[in-house]
Every structure is written in structure tokens, then in C-alpha cells.
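S.K.: whatever this is, show me its structure:
(chains A, B, C and D)
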There are 2 protein chains.
Amino acid sequence: MNTITARQQEILTFIQQTVEQKGYPPSLREIAGHFGMVGTRGAFKHVAALIRKGHLRKGPGARALEVISQSQTARAVQSKSAGRAIPILGRVAAGQPILAEENLLGHLTVDPSLVRGREAFLLKVKGKSMRDAGILDGDLVLVKRQADADSGEIVVAMVEGEATVKRLIKKRGSLILQPENPDFDPIVITEKDASFQILGKVVSLIRPVV
Amino acid sequence: MNTITARQQEILTFIQQTVEQKGYPPSLREIAGHFGMVGTRGAFKHVAALIRKGHLRKGPGARALEVISQSQTARAVQSKSAGRAIPILGRVAAGQPILAEENLLGHLTVDPSLVRGREAFLLKVKGKSMRDAGILDGDLVLVKRQADADSGEIVVAMVEGEATVKRLIKKRGSLILQPENPDFDPIVITEKDASFQILGKVVSLIRPVV
DNA sequence: TAGAATGGTATTCATATGAATACCATCACG
DNA sequence: CGTGATGGTATTCATATGAATACCATTCTA
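M.R.: Next up, the predicted model:
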């Protein structure tokens, strides 16, 4: 049941590659066209078989194919010897894509176990506001992209057009960005502050001494 | 022209996250629904603006949105990149080869720029004696193997059968291992202490948060 | 203060797309 | 030797989806 035919593997690989390359899966007609088929029925049957065998998932609507096991195993295979190149950001300007080129300081290869699966970036920390959490000026924090976080977690957030690293405290609906240094004051986020945004959660730290 | 409004950034982030999570972009109606809009026109205009500003690309057919700058760097993130697998040591027992198997906790892939050329290992730090240097319990220090070091550098040294991380101070021929925490006392090395040995110099630090 | 850009509601339309029906060829397998 | 699974062609159909027209409120800027 879990066994897959050679032809089905071809189809699956093509779908996988298209998703990897363009960010969205091919339509049935694109699959059929790529393999020289005339109608869509052939491609449809293969896709149906792959869904039945658990290699694909189908969401509602058009072009809603999600690749299941293939990408997961591919990721697990990568985790052995190779690393992932993570972009290093110096600053994060408001109203721009986070990974805008002018902010990019370079890339650093990081062990996949530190960034399992998700989009991530490295941010060069400025200032000493998180000193007592062992995060010093110049450290690189590895940030997993997510729009929310749990209370007590250390996050990177946009406040007044600046990306800042603080501990997030949720208290009766209000948000506090808590520094880990008595010389600094907490930042309280009022509900209506639209400029506030959580960019991600700090999942690791890398300090290039010297 | 390249500037993006806050709302557009929200939309772009949502598209980005959906692609990242499911492997295909949301439809206009899914975007509209997620932001509480009624029709598709609002979402459509934002998408059009993002295409015009170069942050998205539109292929032929339905649900064929490709995220440009964001996903390209995100894709670069996914790309494999060469790193060096560095052994992680939990403890270092006296009178044994440093890399003895029983001490090995595993391996971590590290960017080559952090360990240029030399033999290196990662040591899992125990205790809080280097707290004020931002080295916390559980951190991994990346150690470059060398038998000596300059005064002021942070080193890993064997003292009384234990590997310890301290700042090395050289003073008129005598050696001091200086903690970075007032709760701990410096260790003074007498010249004839044969059990003392510098294992290497700390060149980087990696903290796997959580 | 006029005008452009943003960010919408309400509605409609053309079509790309998934899915179905009917039929067929090949191959493995008991 | 029949039977089921695979892998198709040819054709049709319902609809999810992108895109358009018309209109409006707000904000920012020249």
C-alpha cells in the first residue's frame, strides 16, 4: 500500500520540484504536459494514487496540493552532514520585507537541528538590554519566524520601527517587552499599537568570539 | 516605489507563511477571509500592489502566486551548505583522549568561518562561573585546540581532572583562571602543577535555547 | 484644497482547474 | 486464463478562482 510505482515517483518528484522552485504546485494540466500526456486523466489518477498512499494531501480548491512525506524525509536526510545557510540581518527597517537586501550582512551555516523546518534568520544584537539572559552586544540570535509567541519566551519584535530582542510577557491581555537588565525599562504595548509586530522567537544564540 | 505599507506587509507575510506551511499560496478569498474582509477586491488590490512593487510574481492560472524576495532568501535558507561536523563533549575525563567516545554527546554542523582550519570541539558548559561573560549553564563553547593562549582569552583547561571554562590571566609568570562571576573564586596555578593543561581557546558560543 | 494613493464593499464575469464518465492497453499474479 | 491494478486517450461538466466595473472613505501630499 505504501509502495509507490516508478511512474508515480516521477510524478511526485516533479510536483516536489515545482513546489520547491516556484512555491506552488503544478496544475493537473501542467503535470500532464510535462510528461507528454494528452488529457488530464492520467495525471489525475497518479495524483489520486499518491494521495491515497499518503504522499500528498489535497486541500479545498484549485492547485492545493501539499507534499507530505517526501519533503520531510528530504529534510531529515540533509540534517546529517550539511547545514543550512541562514541570512544574517544587521537591522530591520519598518515597512520592508524583513529580508530586504540592504539589511543582509551575510550568511552563516547552522546545524539543521537548531532550526527544524521553519523559516529563520539571524539577527545581530545591538545593546545590552538582554545582558542578564546571556545575550550580549554583537551576538547573533537565531530567530524562528512566527507572528506570536508564548509568555516568557524571548522574541524579536518591531517596536517603533526598530527590531528589538526582549522577553515577552503576556499579562491579562496586555503585552510587555521585558529587558533582562535592571538598567533598562520594560516596554508596554498598548492594544491599538499597529506598529508593533512579533517577528519571531529566539531559538538559539551564536556568539562569534573575536 | 519599493516602499511597502503596513497592511501590504501583513498580506505578504500571510502569503509567505501559508506557502511556507502548506506548500501553496492562499487564494484571494482565503486572504480576504483571514483578514475579515468581505469581498475579494481588497485582497486583490493588495496582491496587485505587491506584484507591482516586485514582491510577488504571478504565474498563469489559479493560485499561482510566487513570493519573490522573501521566498528567494527563504529558499536560500533551505539550501544545503557545507559545514563542519564538530564533536560535542559533555565532560572531559583526565588521562583520556579528549575525544573518547564515552564523552561524545553528538555532533553539530558549524559554519567553517567559525573554526577556520584548526582542530576543534564543542564543550557543554556546566555551572555559572562564567555567567557575566554571557556563558551560561548548558551553552556549547566552540573550542579551538591549542596548548597555550594569551592573557585575557577565555580558555578550556584541565584542572584537577576536570575540564573548566575560565578566563586566562598571565601575571608575572603565574597563571590565574579567572571566573566571570563574583560568587566564584579565581584558581591560581602553581608552576609545578603537572595536572594543569590548556586544552584550547574558546572561539565561539552556541546556545540551543529550549 | 485639489488630487492621488490606499483600502475597502458589492456585484458580476470568464475561465483555469479539478473531477467525472466511458473506454482501452498493458502487466503482474494466482 | 481471468482479474485487478496501473497508465492512459477523449470528452464533458461544475466550480473555485482571478479579474473586472462601479462606487466610496480615509489619508497623505503637492
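S.K.: export stretch A:16-23 to PDB, keeping only CA atoms.
M.R.: In PDB, the C-alpha atoms belonging to stretch A:16-23 read as follows (Å, rounded to 0.1, in the frame of the first residue of the first chain):
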ATOM      1  CA  GLN A  16       8.000  18.300  -5.300                       C
ATOM      2  CA  GLN A  17      10.500  20.100  -7.500                       C
ATOM      3  CA  THR A  18       7.800  22.600  -8.700                       C
ATOM      4  CA  VAL A  19       6.800  23.400  -5.200                       C
ATOM      5  CA  GLU A  20      10.400  23.800  -4.200                       C
ATOM      6  CA  GLN A  21      11.100  26.000  -7.100                       C
ATOM      7  CA  LYS A  22       8.100  28.200  -7.500                       C
ATOM      8  CA  GLY A  23       6.300  28.000  -4.200                       C
END
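S.K.: ok, that stretch near chain B or not?
M.R.: Yes - Stretch A:16-23 comes into contact with chain B (Cβ under 8 Å from any Cβ of the partner chain), by way of A:19-20, A:22-23. Glycine gets a C-beta too; all of them are placed from N, C-alpha and C.
S.K.: put the buried members of those into a PyMOL selection.
M.R.: Filtering these down to the buried ones (16 or more other Cβ atoms under 10 Å in any protein chain shown) takes a single PyMOL command:
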select buried, chain A and resi 19+22+23
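S.K.: among the residues of stretch A:16-23 next to chain B, name the ones in helices.
M.R.: Among the residues of stretch A:16-23 next to chain B, the members found in helices (DSSP state H) are A:19-20, A:22.
S.K.: any weak-confidence spans in chain A?
M.R.: For chain A, the stretches with pLDDT under 70 are A:1-2, A:69-82, A:91-104, A:116-118, A:161, A:191-195, A:210.
S.K.: just the strands in it please.
M.R.: Along chain A, counting by DSSP state E, strands occupy A:56-58, A:65-67, A:83-89, A:104-110, A:120-124, A:140-145, A:154-159, A:162-171, A:174-178, A:187-189, A:197-207.
S.K.: format these as TSV; extra columns: distance to B:Arg52 and mean neighbour count.
M.R.: Converted to TSV, the strands of chain A look like this (distance: least, Cβ to Cβ, whole Å; neighbours: other Cβ atoms under 10 Å in any protein chain shown):
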stretch	distance to B:Arg52	mean neighbour count
strand A:56-58	32	17
strand A:65-67	28	21
strand A:83-89	25	22
strand A:104-110	23	19
strand A:120-124	26	23
strand A:140-145	25	24
strand A:154-159	24	21
strand A:162-171	26	18
strand A:174-178	34	17
strand A:187-189	32	15
strand A:197-207	23	23
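S.K.: per-domain residue ranges of chain A.
M.R.: Per automatic domain parsing, the structural domains of chain A span A:6-78, A:84-206.
S.K.: so which of those is nearest B:Glu119?
M.R.: Evaluated with Cβ to Cβ, these place domain A:84-206 nearest to B:Glu119, the distance being 18.6 Å.
S.K.: touching DNA strand C at all, the closest one?
M.R.: No - applying Cβ under 7 Å from any atom of the strand, one finds domain A:84-206 separated from DNA strand C by no less than 9.9 Å.
S.K.: what about that domain, near DNA strand D?
M.R.: No - figure legend: domain A:84-206 not in contact with DNA strand D (Cβ under 7 Å from any atom of the strand); closest approach 11.0 Å.
S.K.: doesn't A:Phe196 make contact with A:Ser174?
M.R.: No - in this structure A:Ser174 lies outside contact range of A:Phe196 using Cβ atoms under 8 Å: 11.6 Å.
S.K.: just send the strands of chain A back as TSV, with distance to chain B too.
M.R.: Formatted as TSV, the strands of chain A follow (distance: least, Cβ to the nearest Cβ, whole Å):
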stretch	distance to chain B
strand A:56-58	9
strand A:65-67	5
strand A:83-89	3
strand A:104-110	4
strand A:120-124	6
strand A:140-145	8
strand A:154-159	7
strand A:162-171	12
strand A:174-178	16
strand A:187-189	15
strand A:197-207	4
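S.K.: what's the burial count for A:Thr13?
M.R.: By the criterion of other Cβ atoms under 10 Å in any protein chain shown, A:Thr13 has 11 neighbours.
S.K.: please determine how far it is located from A:Glu30.
M.R.: As defined by Cβ to Cβ, to the nearest Å, A:Thr13 lies at a distance of 14 Å from A:Glu30.
S.K.: just the closest of the ones in helices among the residues of stretch A:16-23 next to chain B to A:Pro87, please.
M.R.: A:Glu20 (18.3 Å).
S.K.: pretty sure A:Lys124 sits against A:Leu142.
M.R.: No - counting by Cβ under 8 Å, A:Lys124 stays clear of A:Leu142, with 11.5 Å between them.
S.K.: which residue is nearest the centroid of chain A?
M.R.: Nearest residue to the geometric centre of chain A (Cα atoms, centre = their mean): A:Glu119, 1.7 Å.
S.K.: could you find the closest non-adjacent residue to it?
M.R.: Nearest residue to A:Glu119, sequence neighbours excluded (Cβ to Cβ, 6 or more residues apart in numbering or on different chains): A:Arg145, at 4.3 Å.
S.K.: for that neighbour, give its distance to B:Pro208.
M.R.: Distance, A:Arg145 to B:Pro208, using Cβ to Cβ: 18 Å.
S.K.: A:Arg131 now?
M.R.: Taking Cβ to Cβ, one finds A:Arg131 at 20 Å from B:Pro208.
S.K.: and the gap between the nearest residue to A:Met158 once chain neighbours are set aside and A:Lys53?
M.R.: Excluding the flanking residues, the one nearest A:Met158 by Cβ to Cβ, 6+ apart is A:Gln197, at 4.4 Å. As defined by Cβ to Cβ, A:Gln197 lies at a distance of 41 Å from A:Lys53.
S.K.: just to revisit the earlier point, okay if I get the domains of chain A as CSV plus distance to B:Ala49?
M.R.: Below are these laid out as CSV (distance: least, Cβ to Cβ, whole Å):
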stretch, distance to B:Ala49
domain A:6-78, 19
domain A:84-206, 13
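S.K.: what sits against the residue sitting furthest away from the middle of chain A?
M.R.: The C-alpha centroid of chain A is most remote from A:Val38, which lies 38.0 Å away (Cα atoms, centre = their mean). Taking Cβ atoms under 8 Å, 6 or more residues apart in numbering or on different chains, we find A:Val38 in contact with A:Ala32.
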